[in-house]
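Enquirer: Fold the following for me, if possible:
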Amino acid sequence: MHPLLARQLKKYCPDGRAADLDGLSAAVDAAYASFESDRSLIEHSLETMSSELGQRNRELAKQLQEKQRVMDQLSSINTELLDLNHKLETAQTQLLQADKMASIGQLAAGVAHEINNPVAFVHSNIGTLEMYLKQIFQIADAYIAQEQFLPAEVVRQLNELRDKLEYDYIVGDMADLMKESKDGLERVKKIVQELKDFSRVDQSEWDLLDITDGINSTLSLVRHELQSRADIVCELSALPPIECVLSQLNQVFMNLLINAAHAIKQHGTITIRTGMQGDDHVWVSIGDTGEGIPPENLSRIFDAFFTTKPVGKGTGLGLSLSYGIIKRHHGRIDVSSQMGSGTTFTITLPVQQPPANAAESDALKNAANQS
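Expert: Below you'll find the model as predicted:
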């Protein structure tokens, strides 16, 4: 029995006396009323505490959610900064490479100019020397024609000297020597012109030019390296002049040709083709019969610093720079490759550059000046 009930029974139902049932009932009612009041108060307190705890939990959850959002935002910003830093490093390296190529172009143009001057007067002097020799031989022939009027002893001495000095051989060989010398000078002049055409230091702005000239001049410069590895097959179609910076495209052609040669382990074939795509685009394809590019590397070949060449054999910037140059020309460069069969790069370029806003135009001009 509950102690409280026992006390009430003892109070209102004493031993030996009549029970005060009304008092007991009133006491029990009062006890229950007090109990209900206490229970209501406790329930209210519990509800209040539960509500406060719920509010606090919601606040904590909100704070945790905000903290997580901030952490995610910081993580995203950090990722963007790392990506931006990588892009800046890549851009800096590409600028250095472009500046190096521009310096090489300037050097080539300077060498071409310095060679061109002495070649010009040597070529002129060879022509004059050839004329002088013809005149000397005419005089000698005139003397020989007068031998019949000379004493026999003098004629004999002259004949001995002529045989000793191989005069007849010299006369016959002189013409060949002059021809070979002039041919050699013509080859030097051609190489000088090809150097000037490749560097194109006189054309660093956008202009309408025939890229076939760029392909031919680039091919002439690297032909010696290519021929030791492959036969060169050219299937060049007639193309209209396109708006471009040809010195930059020449750099792309050179990168692709050298890569094609390096991909061939045994003697193979490098095929260069050109053509039209519709009326407003031209295309150039450079294919080789080399080992091909593994499928897992195809998506990475245009990434800066990616190379499969041994250490010291490549920087991994050639294709990255080429990709950037083609993009600046609003073109595209595609690659198809099959292991064991070879690789083909196809460049597609617009005949006319699309209109550009002022900022883009300035950027293109700066890029052209750097190359």
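Enquirer: contact partners of the helix or strand containing residue 284?
Expert: Residue 284 is part of strand 281-288 when elements are defined by DSSP states H and E. The set of residues that contact strand 281-288 without belonging to it, under C-beta atoms under 8 Å, 6 or more residues apart in numbering, is 211, 215, 230, 239-240, 242, 253, 256-257, 260-261, 263-264, 268-277, 342-351. Using the backbone N, CA and C atoms, a C-beta is placed for each residue, glycine as well.
Enquirer: Got a ChimeraX select line for the buried ones in the residues you listed?
Expert: Only the buried entries of the contacts of strand 281-288 go into this ChimeraX selection, using 16 or more other C-beta atoms under 10 Å:
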select :211,215,230,239,242,253,256,257,260,261,263,264,268,269,270,271,272,273,274,342,343,344,345,346,347,348,349,350,351
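Enquirer: Show me the strands in the stretch 251-371 of the chain, by range?
Expert: Defined through DSSP state E, counting those that start in this stretch, the strands belonging to the stretch 251-371 of the chain, from first to last, are 268-277, 281-288, 332-338, 342-350.
Enquirer: Tabulate those in a markdown table, adding columns for mean pLDDT.
Expert: Compiled in a markdown table, these are given as follows (pLDDT from 0 to 100):
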| stretch | mean pLDDT |
| --- | --- |
| strand 268-277 | 94 |
| strand 281-288 | 95 |
| strand 332-338 | 91 |
| strand 342-350 | 94 |
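Enquirer: Looking at the ones you listed, which is nearest to residue 53?
Expert: Between residue 53 and those, the tightest spacing by C-beta to C-beta is seen for strand 332-338, at 62.6 Å.
Enquirer: Give me the buried positions along that closest one.
Expert: Neighbour counts over strand 332-338 (16+ other C-beta under 10 Å) mark 333, 337 as buried.
Enquirer: related to what we said a few turns ago, for the strand holding residue 284, what is the distance to the chain centroid?
Expert: Centre-to-centre, strand 281-288 and its host chain are 17 Å apart (C-alpha atoms, centre = their mean, to the nearest Å).
Enquirer: for the stretch 151-300 of the chain, which spans come out with low pLDDT?
Expert: 193-204 (pLDDT under 70).
Enquirer: if you set the cut-off to 50 instead, what comes out?
Expert: Along the stretch 151-300 of the chain, the model assigns pLDDT under 50 to residues 201-202.
Enquirer: measure residue 122 to residue 189 for me?
Expert: Separation of residue 122 from residue 189 (C-beta to C-beta, to the nearest Å) stands at 10 Å.
Enquirer: Can I get the strands of the stretch 251-371 of the chain in a markdown table including distance to residue 114?
Expert: Supplementary listing: these in a markdown table, determined by distance: least, C-beta to C-beta, whole Å:
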| stretch | distance to residue 114 |
| --- | --- |
| strand 268-277 | 31 |
| strand 281-288 | 32 |
| strand 332-338 | 35 |
| strand 342-350 | 33 |
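Enquirer: wait, which of those strands is closest to residue 143?
Expert: strand 268-277 (58.4 Å).
Enquirer: ok, and what's touching that closest one?
Expert: Here strand 268-277 has contacts from 211-212, 215, 219, 226, 229-237, 239, 257, 260-261, 264, 282-290, 342, 348, using C-beta under 8 Å, 6+ apart.
Enquirer: What pairs with the strand holding residue 284, parallel or antiparallel?
Expert: Sheet pairing for strand 281-288, assigned by DSSP bridges, gives strand 268-277 (antiparallel), strand 342-350 (antiparallel).
Enquirer: The ones you listed into CSV, with extra columns for distance to residue 320?
Expert: What follows is the strands paired with strand 281-288, written out as CSV (distance: least, C-beta to C-beta, whole Å):
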stretch, distance to residue 320
strand 268-277, 22
strand 342-350, 14
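Enquirer: out of these, which comes closest to residue 84?
Expert: When these are compared by C-beta to C-beta, strand 342-350 sits nearest residue 84, at 29.0 Å.
Enquirer: pull the longest helix from this structure.
Expert: Of all segments of type helix in the chain, defined using DSSP state H, the longest is helix 21-145.
Enquirer: I'd like to know which elements that one is packed against.
Expert: helix 3-12, helix 167-199, helix 318-328, helix 358-370 (3 or more C-beta pairs under 8 Å, 6 or more residues apart in numbering; DSSP states H and E).
Enquirer: what's the angle between that helix and helix 167-199?
Expert: Between the axes of helix 21-145 and helix 167-199, defined by axes from the mean of the first three to the mean of the last three C-alpha atoms, to 10 degrees, the angle is 160 degrees.
Enquirer: how far off helix 318-328 does helix 21-145 point, in degrees?
Expert: Taking the same axes, to 10 degrees, one finds that helix 21-145 is oriented at 100 degrees with respect to helix 318-328.
Enquirer: can you give me how far helix 21-145 is from the chain middle?
Expert: For helix 21-145, the distance between its averaged C-alpha position and the chain's averaged C-alpha position is 18 Å (C-alpha atoms, centre = their mean).
Enquirer: Just want the angle from the helix or strand just after that helix to helix 21-145.
Expert: The first helix or strand that comes after helix 21-145 along the chain, using DSSP H and E, is helix 152-164. Counting by the same axes, to 10 degrees, helix 152-164 points 170 degrees away from the direction of helix 21-145.
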